[in-house]
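# Provided below for reference: sequence and predicted model.
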Amino acid sequence: MSRIVSITLQNNDDARPIIEAIEKDNPDATVNLYPAMVKIDCDGRLIVKQETVEGLLGREWDVQELHLSIVSIAGNVDEEDDYFELSWNI
Amino acid sequence: MAEKRKKKLGIKQRYSMLTRGLGWDTTYQPMDKVFPYDNYEGIIIHDWEGWEDPFRLTMDAYWKFQSEKEKKLYAVIDSFAQNNGHLGITDARYVNAIKLFLTGVSPLEYQAARGFTHVGRQFRGVGPRVACQMQAIDELRHVQTQIHSMSHYNKFFDGLHSAPHMHDRVWYLSVPKSFFDDARTAGPFEFLTSISFAFEYVLTNLLFVPFMSGAAFNGDMATVTFGFSAQSDEARHMTLGLEVIKFMLEQDERNIPIVQRWMDKWFWRGTRMLTLVGMMMDYMLPKRVMSWREAWDIYFTEAGGALFADLARYGIKPPKYADIATKEAEHISHQAWNIFYNYTHAAAFHTWIPEKEELDWLSEKYPDTFDKYYRPRLEYLDKEEKAGRRFYNDILPMLCQVCQIPMGFTDMDDPTTISFHSSEYQGNKYHTCSHGCKDIFDYEPEKYVQAWLPVHQIYQGNCGGAEVPDVLKWYNFNLGADNMEYQGSPDQKLWDEWQAHRKKA
């Protein structure tokens, strides 16, 4: 049975460091490119870490800035001060 | 990196200050009288504190991020209008998808705002109340931004001038309208199951994600931007949908069969309504991103599969008739386009026969069905049109009592036979298009016998007159401009002139 969690982000300047951070922190993730957007799939679990995004951006980054770029998600959400995580509890 | 300024409270604490300190138990009046609607549906809640909002957005953060989204969006809308963005789209046929969006979908955003405002008052728990109130504001933002973005097209193209008026009257728009009417007249928990879960969590991706990507592909900057701006709220709405389901299921096991029945019902209602989107993706985008079938595989079979596997631990099964809906993904966009081709003289947008490369694309995407069932019909209709006999169907169709779509869908195992079901209720016969719609009717016949069915209303004389042109005038159509075949329409003429100018330049 499929356990894919997924996040779709706009393909723009705000989202690019987030996409890069996701690729770094989730080596098994698959990045699918579509016109204007990027859909990232990962088996079971996917995390966005504040620290990684900040390292790429060179400035402070509030995890809730994700709200500006997000298009869609699949999975249970856990949002904290320093990370945003999607998962299925199987 | 400089040392971080420490926030006084963490995100969880800030959110709990917002949602856990504000409520109180009433003393002058009993709670059941103050909140009369949140228990009559049979959903048992022992502890409203069990509600966990996964996005912990406080009001100050909400206003901050929403205003940033608005600024970005309006910069694009202005730029699109100032730079004559409509000249950059792939083809004027594309605008017909926007017409369907403005008349069929945007008014639903307003209906959603009304629905969430209502249920945002009706829950005695503060967590769901806050989530619903924020969503009501989001939905109002969506309808406003959509009207603003698309108003630019109204300066040049037909069929975009009376969206709310049309939404309340036109036959095919009763499909989305009745969906929301049905949801808003249900109790608050069913409303959240229908809109937040079945529609937003399970199905909305099929509407907003590949279609908006398609708008980008076709040069429609305005639509992509409002689409993605709305969709950035949608991720929050989706989690509300999943949260309400888990909340109901965790509170009491007697809730399980009620929730399952709502899921079955609203999944089916939703797939029926999304037929319109399937047709938009397969037929109305001159440059295509993915077929309806491919979108269904990604967003229902794969994403929905993972979701329902996750919910299985509560005893929830995938929606009834999901297998039929998956079979339908091979057929419905073609069948729906055929219905609209038949009745485009009574629609506020144009239809056409796809060009040869477009037919080839459909053949490639639908290898098992398109060449066998649908391509020959389109080629026949094309030949008729070229011989000066463009076919319009003058017989008003019979509508399904539940989804209100003309009874044109076939049995999925026998795609040349119309699927046809009926039920008796208090001496009258009611017709439905599928097992899914028949089940919904049979469970609540008293609700669905009251359906405002456009064809019945026309025959009863409630829609402007006895002749088709009278009805179309009552719809506020500009006859000969808004309706009829694309070839030869004023939209086409204008577009061809622009293209000729471009060549000359």
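Ah, there it is. Here the structure is a predicted model, which means the values were calculated and not measured.

# which stretches of the chain form strands?
Went with chain A since none was named. A:4-10, A:30-34, A:37-43, A:45-49, A:70-74, A:76-79, A:83-87 (DSSP state E).

# sorry, should have said chain B
B:410-411, B:414-418, B:421-425, B:428-432.

# residues from chain A in reach of chain B?
A:1-6, A:8, A:10, A:34-37, A:39, A:54, A:58, A:60, A:63-65, A:67-81, A:88-90 (CB under 8 Å from any CB of the partner chain). C-beta: built from backbone N, CA, C; applies to glycine.

# if we go to 7 Å?
Residues of chain A lying close to chain B by CB under 7 Å from any CB of the partner chain are A:1-4, A:6, A:8, A:10, A:34-37, A:54, A:60, A:64, A:67-68, A:70-74, A:76-81, A:88-90.

# ok, of these, which come out buried?
A:3-4, A:6, A:8, A:10, A:34-37, A:54, A:64, A:67-68, A:70-74, A:76-77, A:79, A:81, A:88 (16 or more other CB atoms under 10 Å in any protein chain shown).

# Flag the shaky bits of the chain, pLDDT-wise.
Picked chain A for this. A:1-2, A:90 (pLDDT under 70).

# my bad, the chain I had in mind was chain B
For chain B, the ranges with pLDDT under 70 are B:1-7.

# Tell me the residues of it that contact chain A?
Going by CB under 7 Å from any CB, the residues of chain B near chain A are B:1, B:4, B:10-11, B:54-57, B:61, B:65, B:68-69, B:205, B:209, B:213, B:216-217, B:224, B:228, B:231-232, B:234-235, B:238-239, B:242, B:289, B:302-303, B:305-307, B:309-310.

# Quick one: residues contacting the closest residue to chain A within the stretch 151-300 of chain B.
Chain A sits closest to residue B:216 of the stretch 151-300 of chain B, with a gap of 3.6 Å, by CB to the nearest CB. Listed by CB atoms under 7 Å, 6 or more residues apart in numbering or on different chains, the contact partners of residue B:216 are A:35-36, B:224.

# neighbours around the closest residue to residue B:186 other than its chain neighbours, how many?
Nearest non-adjacent residue to residue B:186, counting by CB to CB, 6 or more residues apart in numbering or on different chains: residue B:194, 6.7 Å away. Using other CB atoms under 10 Å in any protein chain shown, residue B:194 is surrounded by 26 other residues.

# Would you confirm that residue B:194 contacts residue B:183?
Yes. The pair residue B:194 and residue B:183 passes the contact test of CB atoms under 7 Å, sitting 4.1 Å apart.

# Hmm, residue A:81 is touching residue B:12, no?
No. With contact defined as CB under 7 Å, residue A:81 does not reach residue B:12; the gap is 8.2 Å.

# State which helix of chain A is the longest.
helix A:16-25 (DSSP state H).

# That helix: which residues count as buried?
A:16-22, A:25.

# Likewise for stretch B:65-83?
Buried, per 16+ other CB under 10 Å, within stretch B:65-83: B:65-66, B:69, B:72-73, B:76-77, B:80-81.

# Ok, stretch B:256-272 next?
Here stretch B:256-272 shows B:258-272 as buried, counting by 16+ other CB under 10 Å.

# hang on, the earlier thing: now, among the contacts of residue B:216, which is nearest to residue B:321?
residue A:35 (32.3 Å; CB to CB).

# Surely the closest one is in contact with residue B:213?
Yes. Applying CB under 7 Å, one finds residue A:35 in contact with residue B:213, separated by 4.8 Å.

# which residues do the two both contact?
Both residue A:35 and residue B:213 are in contact with residue B:289, where contact means CB under 7 Å, 6+ apart.

# give the contact list for residue B:19.
Taking CB under 7 Å, 6+ apart as the test, what residue B:19 contacts is B:53, B:126-127, B:130.

# Return the closest of the residues you listed with respect to chain A.
Among the contacts of residue B:19, and counting by CB to the nearest CB, the member closest to chain A is residue B:53, at 9.2 Å.

# tell me the helices in the stretch 151-300 of chain B, going along the chain?
For the stretch 151-300 of chain B, applying DSSP state H, counting those that start in this stretch gives helices covering B:163-169, B:174-184, B:188-191, B:204-217, B:221-251, B:255-273, B:275-279, B:292-296.

# which stretch among the ones you listed comes nearest residue B:391?
Across the helices of the stretch 151-300 of chain B, closest to residue B:391 is helix B:275-279 (CB to CB), at 17.9 Å.

# Check which helices and strands the closest one is in contact with.
helix B:204-217, helix B:332-342 (3 or more CB pairs under 7 Å, 6 or more residues apart in numbering or on different chains; DSSP states H and E).
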